[in-house]
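S.K.: Predicted coordinates and the sequence they were generated for:
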Amino acid sequence: GGYKANMITADYIVLGVLVVFVLIGALVGFGKGLKFFTSGIFGVIISVFVCYLIFGLVLSWDFVAELLGKFSDWLREQGSVGTFFADIYIDRVVLAVILFIIVQIVRIIIVKILKSVFEINNILVKVINRILGAVFFAAVFAAGLLIVFQIFAWIGGDTAANFLSNLDGSALILDQLFLNNPLNSIFS
């Protein structure tokens with residue numbers, strides 16, 4: 001035989017919460033759900049994460065590196081205070097702030113466009129909106145589950161070991177998901 005497991009308490013909890021998320025997603029729809037999960041603090045977190053992922057790429061562009069070099073040289077020409085700021089790479093901080101502002105604006109525009117499209121008063125669009133809402137909320141739940149697992153991994157020690165032992169033998173292989181969390185590669 002292959003891998004055999006019985007449903008454990010954690011499996012029932014995960015499935016129950018997943019069903020609730022899917023139902024809420026189907027009721028709310030993709031447009032409103034996307035707006036909710038990309039507004040306020042969620043939106044800022046998403047923008048910071050996107051900036052984290054693309055900062056190195058943008059920094060590698062020749063014209064950006066050239067602009068930052070010119071800015072740094074200009075700072076050094078301003079005297080000791082300017083040299084201090086150049087030495088602490090204030091140019092990269094400025095780049096990060098500008099990048100964050102651009103990502104925020106682009107995120108807001110994209111969300112407004114998508115919400116408008118998915119809120120069109122048409123039966124086909126309404127059905128697609130509900131289905132995508134259910135899928136989107138399931139994805140939000142999965143991301144939340146991975147974040148919870150990552151937090152327990154960061155805590156480590158007995159807490160992580162006890163948490164993992166509660167997932168042992170999961171029919172949904174939650175124990176393997178905890179041990180092989182894809183977020184580990186991003187945050188390590």
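M.R.: Arrived safely, thanks for sending. Bear in mind the structure is a predicted one, so any value in this text is a computation, not a measurement.
S.K.: Can you list phi and psi of Gly156 for me?
M.R.: Backbone torsions for Gly156, taken as degrees, to the nearest 10, come to phi 70, psi -160.
S.K.: Now for it, how many residues are close by?
M.R.: 9 (other C-beta atoms under 10 Å). (Glycine included, C-beta is placed from N, CA and C.)
S.K.: do Lys112 as well
M.R.: As a measure of burial, Lys112 has 12 neighbours, counting by other C-beta under 10 Å.
S.K.: got a pLDDT number for it?
M.R.: In this model, Lys112 is scored at 92, pLDDT.
S.K.: and the gap between it and Gly31?
M.R.: 10 Å (C-beta to C-beta, to the nearest Å).
S.K.: Could you do Val94 as well?
M.R.: Noted for Val94: a distance of 35 Å to Gly31, by C-beta to C-beta.
S.K.: And for Ala153?
M.R.: On the measure of C-beta to C-beta, Ala153 and Gly31 end up 34 Å apart.
S.K.: who's more crowded, the two?
M.R.: Gly31 (22 against 19).
S.K.: Quick check: next helix or strand after the lengthiest helix in the chain?
M.R.: Assignment by DSSP state H gives helix 123-155 as the longest helix of the chain. Heading C-terminal from helix 123-155, the first helix or strand you meet, by DSSP states H and E, is helix 157-167.
S.K.: Which neighbouring elements make contact with that following helix?
M.R.: Contact partners of helix 157-167 among helices and strands, from 3 or more C-beta pairs under 8 Å, 6 or more residues apart in numbering; DSSP states H and E: helix 9-28, helix 123-155, helix 174-179.
S.K.: how about a cut-off of 6 Å?
M.R.: Under the contact definition 3 or more C-beta pairs under 6 Å, 6 or more residues apart in numbering; DSSP states H and E, helix 157-167 sits against helix 123-155, helix 174-179.
S.K.: out of those helices, which comes closest to Ile88?
M.R.: Comparing the helices and strands packed on helix 157-167 against Ile88 with C-beta to C-beta, the closest turns out to be helix 123-155 (28.3 Å).
S.K.: Name the residues of that closest one that are buried.
M.R.: Residues of helix 123-155 classed as buried: 128-130, 132-134, 136-137, 140-141, 145-146, 149-150, 152-153 (neighbour count, 16 or more other C-beta atoms under 10 Å).
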